[in-house]
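Peer 1: okay, sequence plus prediction incoming.
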Amino acid sequence: MLYPFFALAAQSPSRQRTFRRAAVAHVLVVAAAAWAVFRDGPSRSAATFGHLLLVAGIVEGAALVGWRLTQMPKSQALEFLLVSPLRPTRVFVAEALVGLTHLTFVTLAGLPILLVLSATGRIDRLDPLPLTLMPLTWGAVTGLGLAMWAYEPLLVRGLGEKLAMALVVLYLIVGVLAGENLRAWLDRVPEDLRVALLRGFAALHTHNPFGILAYWLENETQYAWPRVVGGELAGVGVAGAFLWRGARRLHAHFHEYHYQPARDVSGDKRPAVGERPLSWWAVKRVSRYSGRINLWLAGGFGVLYAAYQVLGADWPAWMGQRVFQLCDEYGGVAALTTGLVLLAAVPAAFQYGLWDSNAQNRCKRLELLLLTELQPGDYWNAAAAAAWRRGRGYFAVALLLWTAAALGGKVAPAFAFAAAASGVLLWGLYFALGFRAFSRGHQANGLGMLLTVGLPLAVYGLHRIGWPLLGDLLPPGTVYSAATASLSWAWLAGPVLVAAAALAVARRSLGRCDAELRRWYDRHSGRKVMS
């Protein structure tokens, strides 16, 4: 049963490209992290090294496992499998195993570097085991969890969002506002309840994947191995539960997506179509999975951090400030706003609004769109409206933080304005590059990962090796340096280059958009494409 799925994955050009790019990116990330350990020593970089590998595993799990499984039900060709003797649960499990195999190979690509670190004494001889297994396990949890969440009915997703909102509020109150003063906040609570709550919050802080991996790297093996084994067993159990739920929901989700019964929507509040129907459709499309949970978390923390920047020494003593002090130590407003701008630019680089999951669906859509009188500007406006709809919340939080830093005297208003302008230029360049990839028919996944992950890591590396001026020429570097108030006349070269590149790419994309879309359609229409 499994052979056809693995054979198709091995023959698919797009999946092989994604796999190779993920493997190369993983090796580069591990190599960069290993270089930091060689330079700074394991005592200073061990926890950061483990956290970076874990984040890489989570991102790779979402890309290699979650993306494929969430896009699979969108193709009506799946219906032939669902009515065959091959049951839907087996189809899901087989596709999941293919993705997990790709994820395993990508994770193992960095193992030789870990073994070199172990052989040279930079890390313990047993460290490569958890540094490989934990990113793999929690990457699988992330990928399968995304698929399971996408397959759930609208009612369940709505309830889940409300629960997530409650957890975000709890985190902001306990982890940020109370912080190190949590014990004082609970003084009026009965003793037994207070002890239980303190132990529960401490366990959440220390027994999550990041805390477990840091505990392993910072303590002796005989003390840390039970916690690592427990974390691994928990991850495998959660991944198994997500796999079971996703397999059970595939058939129902497919029918809900394609054959949902008609209902009366006359009473629903929907925005008017207006004069730009393609823009209306693109915005409506990306609003299906709006990612509000992440925005709530970023927005809630951003508001509190902005208040801390304005109040400064007047911040109430009974409220926690250790979290904010840690943020200040690791880049402060400059680093946080740069990250928020990059999050705002993710939809611009990946082009969620107009991009289709595979070549077949794209051919069907273009077959209709190319018969209309739509101009390149219509495609541009639709893609921009969808990208801005998904990213504007993060940019608003960044603006709030820049304004708070200026009001609090942490940065001059001119520098805050320069950072905001650099953020606008970054978004514009990323959107122009993403739209260029869309018009040429290229998958934006590789480009998006390079722009939103690769360039920030390059800026960080250049700053660490003492070449900040070169890092400031890259778009994320211009935003970060402006917010740190460490500007010079040489810094202006970065925004100028970014603006010039954005204008050149935008003009070229608009000029060739219609011809390249038609060329792509002529080349792919009617062909059997494995994706």
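Peer 2: Sure, I can see it. Residues are numbered from 1 along each chain as shown.

Peer 1: isn't D127 up against L114?
Peer 2: Yes. Contact criterion Cβ atoms under 8 Å: D127 and L114 qualify, at 7.2 Å. C-beta coordinates here come from the backbone N, C-alpha and C atoms, glycine included.

Peer 1: distance of the residue positioned nearest the centre of the chain from K269?
Peer 2: In the chain, the centroid-proximal residue (Cα atoms, centre = their mean) is V59; its distance is 6.6 Å. According to Cβ to Cβ, to the nearest Å, V59 and K269 sit 36 Å apart.

Peer 1: can you check G237 too?
Peer 2: According to Cβ to Cβ, G237 and K269 sit 41 Å apart.

Peer 1: swap in V174?
Peer 2: 35 Å.

Peer 1: if you count what's nearby, which of the two comes out ahead?
Peer 2: Neighbour count, other Cβ atoms under 10 Å: between V174 and K269, V174 has more, with 19 against 5.

Peer 1: mind listing the strands for the protein?
Peer 2: Taking DSSP state E as the criterion, the chain carries no strands.

Peer 1: kindly list the longest helix within it.
Peer 2: helix 221-259 (DSSP state H).

Peer 1: report all helices and strands that that helix contacts.
Peer 2: helix 78-82, helix 88-108, helix 128-151, helix 209-218 (3 or more Cβ pairs under 8 Å, 6 or more residues apart in numbering; DSSP states H and E).

Peer 1: repeat the analysis, applying 10 Å as the threshold.
Peer 2: helix 67-71, helix 78-82, helix 88-108, helix 128-151, helix 209-218 (3 or more Cβ pairs under 10 Å, 6 or more residues apart in numbering; DSSP states H and E).

Peer 1: among those, which gets the worst mean confidence?
Peer 2: Ranked by mean pLDDT, the helices and strands packed on helix 221-259 bottom out at helix 78-82, with a mean of 74.

Peer 1: buried residues in it?
Peer 2: 78, 81 (16 or more other Cβ atoms under 10 Å).

Peer 1: again, but for stretch 190-208
Peer 2: Quick answer for stretch 190-208 (16+ other Cβ under 10 Å): 194, 197, 201.

Peer 1: just the closest of those residues to L81, please.
Peer 2: Ranked by distance to L81 (Cβ to Cβ), the buried residues of stretch 190-208 are led by F201 at 46.3 Å.

Peer 1: what does the pLDDT read for that closest one?
Peer 2: For F201, the pLDDT comes out at 81.

Peer 1: leaving out chain neighbours, which residue sits closest to it?
Peer 2: Spatial nearest neighbour of F201, excluding adjacent residues (Cβ to Cβ, 6 or more residues apart in numbering): V174 at 5.9 Å.

Peer 1: output the below-cut-off pLDDT ranges for this protein.
Peer 2: By pLDDT under 70, the weakly predicted segments of the chain are 1, 40-45, 261-268, 270-271, 288-291, 357-358, 443-445, 485-487, 526-531.

Peer 1: what's the domain layout of it?
Peer 2: 1-156+222-259, 286-531 (automatic domain parsing).

Peer 1: could you export these as a markdown table, including distance to A214?
Peer 2: Output for these, formatted as a markdown table (distance: least, Cβ to Cβ, whole Å):
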| stretch | distance to A214 |
| --- | --- |
| domain 1-156+222-259 | 4 |
| domain 286-531 | 14 |
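
Peer 1: can you tell me which of those is nearest to D187?
Peer 2: With respect to D187, and counting by Cβ to Cβ, the nearest of the domains of the chain is domain 286-531 at 11.1 Å.

Peer 1: all helices for the stretch 351-500 of the chain, in order.
Peer 2: When secondary structure is read from DSSP state H, counting those that start in this stretch, the stretch 351-500 of the chain shows helices at 359-369, 376-407, 413-440, 444-449, 455-464, 468-471, 475-483, 493-524.

Peer 1: quick one: distance of stretch 62-80 to the chain centre.
Peer 2: 19 Å (Cα atoms, centre = their mean, to the nearest Å).

Peer 1: and that stretch, end to end?
Peer 2: By Cα to Cα, to the nearest Å, the extent of stretch 62-80 from end to end equals 27 Å.

Peer 1: how about that stretch: buried residues?
Peer 2: Neighbour counts over stretch 62-80 (16+ other Cβ under 10 Å) mark 62-73, 75, 78 as buried.

Peer 1: go on, stretch 17-29?
Peer 2: The neighbour-count check on stretch 17-29 (16+ other Cβ under 10 Å) flags 18-19, 21-23, 25-26, 29 as buried.

Peer 1: now these as JSON lines including distance to G50?
Peer 2: Listed next are the buried residues of stretch 17-29 as JSON lines, based on distance: Cβ to Cβ, whole Å:
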{"residue": "T18", "distance to G50": "26"}
{"residue": "F19", "distance to G50": "25"}
{"residue": "R21", "distance to G50": "24"}
{"residue": "A22", "distance to G50": "20"}
{"residue": "A23", "distance to G50": "20"}
{"residue": "A25", "distance to G50": "18"}
{"residue": "H26", "distance to G50": "15"}
{"residue": "V29", "distance to G50": "13"}
